[in-house]
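**Q** quick one: sequence and predicted model below, then my questions.
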Amino acid sequence: MRRAVVLFVVLVGALGALLGFRILRDRRAAEGPSGGSGVVEGTAVDVRARINARVVARHVEEGARVDKGALLVTLDCTEQEAGLAETEARLAMARAQADAARAGALAAGRNSEAVAAQATGSQAQIASLADQQGLAQRQADRMEKLGTATTEAALDHARAQAASLEQQLTAARHSSTAAGRQARAAVEQERASQQQAESARRSVEAAEATLRRARISVSECELHAPMSGTVETLVLEPGELALPGAVVARLVDTRRPKATFYLPNAELASAWPGQEATVRADAYPDRTFPARVVTVAREAAFTPRNVQTRSDRDRLVYPVEVHIDAPDGLLLPGMPVEISLSDASTRAVAEQR
């Protein structure tokens, strides 16, 4: 009986000591800096296909470290290359047609100038013939008034010369009318040729745009790394079909690790963007990594239906993201870490600065 009492007393004492230790540890934790647990994350980028093509070759393997611009995957580009060749041929044909149209417009312009000059010459010829015909007619009239003072032959010659000049003047006027119509037709032809040349130029621009699009399609047959990082996954094997928008590879940049932890509502005032923090990882128990708070969420990650009671408010937690300053490759995605924020008194010093 006495032994049972002693064992009971020892058990009660041990439980009391354990409870006191836990209460002391919780009190110290509450009095210590705010923080929490998180998991290391990297900046992940998905490399997606933009065309419908089969995978021809993979040039890297999962887990490989690649630099920005490194070739990751090659897709079958037979159809795109054929389209590019066709587009180049159409562009060459459009340029030839544009050259011919420009030459036609130039010839039409010169023809219009020649016809206009001809019409101007016809007008000058009409004026000259009109002067000559008038002079001949007046000469014939004077000789007719002289009567017997002139010979009949001279009078007939003067009349014939005046009549001939009248006929020439009439013919010149008809020729001038025709030349004017030809000049107007030449102007219209020149305008039509210029419009054809402009249309041909636009066709060349459209063909050049189509060529640029075809070249972009061909360039999409080779998928390159958009940043330096580690190849986390390669989704497709050679021979599999890549659909537009489908993920082909995923890269993770481990040079800028980050982590997210959650602060309860009562400790939210102890965190602010730009605040310094300390990170500890289980893989490096004797080492700490400096970090800095990047964002403090404005909305709680968990919101009860109502927050009328104190216990409900204590259940509110807010995500806090920190960026960690660690050498590349030490903190890998998925590693659990403990994050401790700097003392709240440093906020006043930072605000004073």
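**A** Good, I have the coordinates.
**Q** quick check: phi and psi at the residue most central in space within the chain.
**A** In the chain, the residue lying closest to the centroid (C-alpha atoms, centre = their mean) is residue 216, at 11.8 Å. Dihedral pair for residue 216: phi -60, psi -40, per degrees, to the nearest 10.
**Q** ranges for the helices of this structure?
**A** Assigned by DSSP state H, the chain shows helices spanning 2-31, 78-146, 152-219, 310-314, 345-352.
**Q** ranking those by mean pLDDT, which is last?
**A** Lowest mean pLDDT of those: helix 345-352, a mean of 48.
**Q** correct me, but residue 338 touches residue 37?
**A** Yes - between residue 338 and residue 37 there is a contact under C-beta atoms under 8 Å: 5.8 Å. Glycine gets a C-beta too; all of them are placed from N, C-alpha and C.
**Q** remind me, longest strand of the protein?
**A** Determined from DSSP state E, the single longest strand within the chain is strand 247-264.
**Q** partner strands of that strand and their direction?
**A** As defined by DSSP bridges, the strand partners of strand 247-264 come to strand 35-48 (antiparallel), strand 229-234 (antiparallel), strand 317-324 (antiparallel).
**Q** out of the ones you listed, which gets nearest to residue 104?
**A** Comparison of these against residue 104 by C-beta to C-beta identifies strand 35-48 as nearest, at 48.4 Å.
**Q** of residue 338 and residue 37, give the one with the bigger neighbour count.
**A** residue 338 (16 against 11; other C-beta atoms under 10 Å).
**Q** count of neighbours near residue 82?
**A** The local packing of residue 82 (other C-beta under 10 Å) involves 11 other residues.
**Q** what about it, distance to residue 160?
**A** 81 Å (C-beta to C-beta, to the nearest Å).
**Q** equivalent analysis for residue 222, please.
**A** Going from residue 222 to residue 160 by C-beta to C-beta gives 92 Å.
**Q** angles on the backbone of residue 76, please.
**A** Main-chain dihedrals, residue 76, degrees, to the nearest 10: phi -70, psi 120.
**Q** quick one: pLDDT of it?
**A** 92.
**Q** which residue, neighbours along the chain excluded, lies closest to residue 187?
**A** Ranked by C-beta to C-beta, 6 or more residues apart in numbering and with sequence neighbours excluded, the top spatial neighbour of residue 187 is residue 112, at 5.5 Å.
**Q** residues contacting the one you found?
**A** Shown in contact with residue 112 (C-beta atoms under 8 Å, 6 or more residues apart in numbering): 183, 186, 187, 189, 190.
**Q** and those residues, which is closest to residue 74?
**A** Using C-beta to C-beta, the contacts of residue 112 come closest to residue 74 at residue 190, 53.5 Å.
**Q** just checking, that closest one touches residue 105?
**A** Yes - if you go by C-beta under 8 Å, residue 190 and residue 105 touch, sitting 7.1 Å apart.
**Q** ok, residue 274 - how many residues close by?
**A** Per other C-beta under 10 Å, the neighbour tally for residue 274 reads 9.
**Q** gap between it and residue 326?
**A** Distance, residue 274 to residue 326, using C-beta to C-beta: 19 Å.
**Q** coming back round to it: more crowded one of residue 222 and residue 160?
**A** The residue with more neighbours, out of residue 222 and residue 160, is residue 222; 15 against 12, by other C-beta under 10 Å.
**Q** list the residues that contact the closest residue to that one other than its chain neighbours.
**A** Excluding the flanking residues, the one nearest residue 222 by C-beta to C-beta, 6+ apart is residue 74, at 5.5 Å. Residues in contact with residue 74 (C-beta under 8 Å, 6+ apart) are 55, 56, 57, 59, 221, 222, 223.
**Q** which pair in those residues spans the largest distance?
**A** 59 and 221 (12.9 Å).
**Q** those two: who's more crowded?
**A** A count of neighbours by other C-beta under 10 Å puts residue 221 above the other of residue 59 and residue 221, at 20 against 14.
**Q** which residue is the nearest non-sequential neighbour of the more buried one?
**A** That would be residue 77: by C-beta to C-beta, 6+ apart, it lies 3.5 Å from residue 221.
**Q** burial measure for that neighbour, as a count.
**A** Residue 77 has 19 neighbouring residues, counting by other C-beta under 10 Å.
**Q** got the contact list for it?
**A** Residue 77 makes contacts with 53, 218, 221, as judged by C-beta under 8 Å, 6+ apart.
**Q** nearest to residue 264, out of those residues: which one, please.
**A** residue 53 (51.2 Å).
**Q** tell me how many other residues crowd the residue nearest to the closest one when sequence neighbours are not counted.
**A** Distances taken as C-beta to C-beta, 6+ apart place residue 75 nearest to residue 53, at 4.0 Å, with adjacent residues excluded. Counted with other C-beta under 10 Å, residues neighbouring residue 75 total 22.
**Q** before I go, just wanted to say thanks for your time.
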